[in-house]
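Asks: Sharing a sequence plus its predicted fold:
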Amino acid sequence: MNQPTRPTPTRSDAVPYPAELYQAVHCGNEGDIRFYRSVCAGAHDVLELGCGWGRVAGPIAADGRRVTGVDLAAELLERGRASYPAVDFVQADMRTVDLGRRFDRVLIPYNSLYCLLDESDVVATFRRARAHLRPGAWLIFDAYAADSFHRESDARQEWDEAAFVKTVRAAGRTWDVYERSRWVREQQRIEAVYTHVARDDAVAVTSTIPQRYLLREQLPRLLAEAALRLVEIRGGFHGEPLESDSPLLVVKAQPTAAA
């Protein structure tokens, strides 16, 4: 199918990401829900950090698990409560959350760690995950694999050309979605800008997601700073080995003896 030609917007609004558009555009990676349901088999209590509207948490709760989802975005949480009443949605910062109890699994799916723009924030989140894990329980997360990109990119890349992502239906309209980005290798930072152009009148909504990616070699150290040990790292949701061209990092970690 030919992708649509990008129209010239009649008006462009740069806004915080509207929840309905975010939900329509950012739908996860193929196989991720099946993977997380599988790794939660046998668990009683599951905590998801960065849960959004419950895309992952909801199906796990439907399997009979007791699921708590934590996110800062109030609008996404409200959408989650309407869609997945079995999930206990909590508005909190995953760097500081304290629920006062422990879980069999703590999950951080779909690049949520990359929304943390400082290494100290990553360690703080790992420490919060560690504090909510029972002895022998698992922290499991996934994110896109950036090692090859980091190694091969220029030190600084200015804005690239906008690329078509997908067409979505949201807020009663059809939107063509485009993405452009820039990055700074030294800081491991990417700024991704999504432009959503409504087909009916070419009004555009533009929202930015700043990210800081992680490299494979950094993970053992960052986990260790939070009293967690790296158990396994894979390149996909089916147990694929992590190769230089793997699209994903899929990581399992457990608490160490140290508190």
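Replies: Sure, I can see it. Numbers count the residues shown, from 1 in each chain.

Asks: From here on, just use CA atoms for contacts and neighbour counts.
Replies: Fine.

Asks: mind checking how far the helix or strand where residue 149 lies is from the chain centre?
Replies: Taking DSSP states H and E as the criterion, residue 149 maps to helix 147-152. Its chain's C-alpha centre and that of helix 147-152 lie 20 Å apart, by Cα atoms, centre = their mean, to the nearest Å.

Asks: Enumerate the positions of it that are buried.
Replies: 147, 150 (16 or more other Cα atoms under 10 Å).

Asks: Quick one: residues in contact with it.
Replies: With contacts defined as Cα atoms under 8 Å, 6 or more residues apart in numbering, helix 147-152 is touched by 185, 188, 215, 216, 244, 245.

Asks: Residue 195 pairs with what?
Replies: Listed beta-bridge partners, residue 195: residue 178, residue 206 (assigned using DSSP bridges).

Asks: who touches it in this structure?
Replies: Counting by Cα under 8 Å, 6+ apart, residue 195 touches 177, 178, 179, 204, 205, 206, 207.

Asks: Quick one: residues contacting the second one.
Replies: Which is residue 178. By Cα under 8 Å, 6+ apart, the contact list for residue 178 reads 162, 163, 164, 165, 166, 194, 195, 196.

Asks: Buried among those residues? Make that a ChimeraX selection.
Replies: Filtering these down to the buried ones (16+ other Cα under 10 Å) takes a single ChimeraX command:
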select :164,165,194,195,196
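
Asks: how about the strands in the stretch 51-200 of the chain?
Replies: Taking DSSP state E, counting those that start in this stretch as the test, the strands found in the stretch 51-200 of the chain are 66-71, 88-91, 103-108, 133-144, 156-157, 163-170, 173-184, 189-198.

Asks: Low-confidence ranges, the stretch 1-150 of the chain, go.
Replies: Residues of the stretch 1-150 of the chain that meet the criterion pLDDT under 70 lie in 1-15.

Asks: So which residues of it form helices?
Replies: Taking DSSP state H, counting those that start in this stretch as the test, the helices found in the stretch 1-150 of the chain are 19-25, 32-39, 57-62, 74-83, 119-131, 147-152.

Asks: Which one of the contacts of helix 147-152 is nearest to residue 27?
Replies: Using Cα to Cα, the shortest approach to residue 27 within the contacts of helix 147-152 belongs to residue 245, at 22.3 Å.

Asks: how about the nearest residue to that closest one, chain neighbours excluded?
Replies: In space, and not counting its chain neighbours, residue 245 is closest to residue 148: 6.9 Å by Cα to Cα, 6 or more residues apart in numbering.

Asks: Relative to residue 56, how far out is that neighbour?
Replies: Separation of residue 148 from residue 56 (Cα to Cα, to the nearest Å): 28 Å.

Asks: got it, and residue 188?
Replies: 27 Å.
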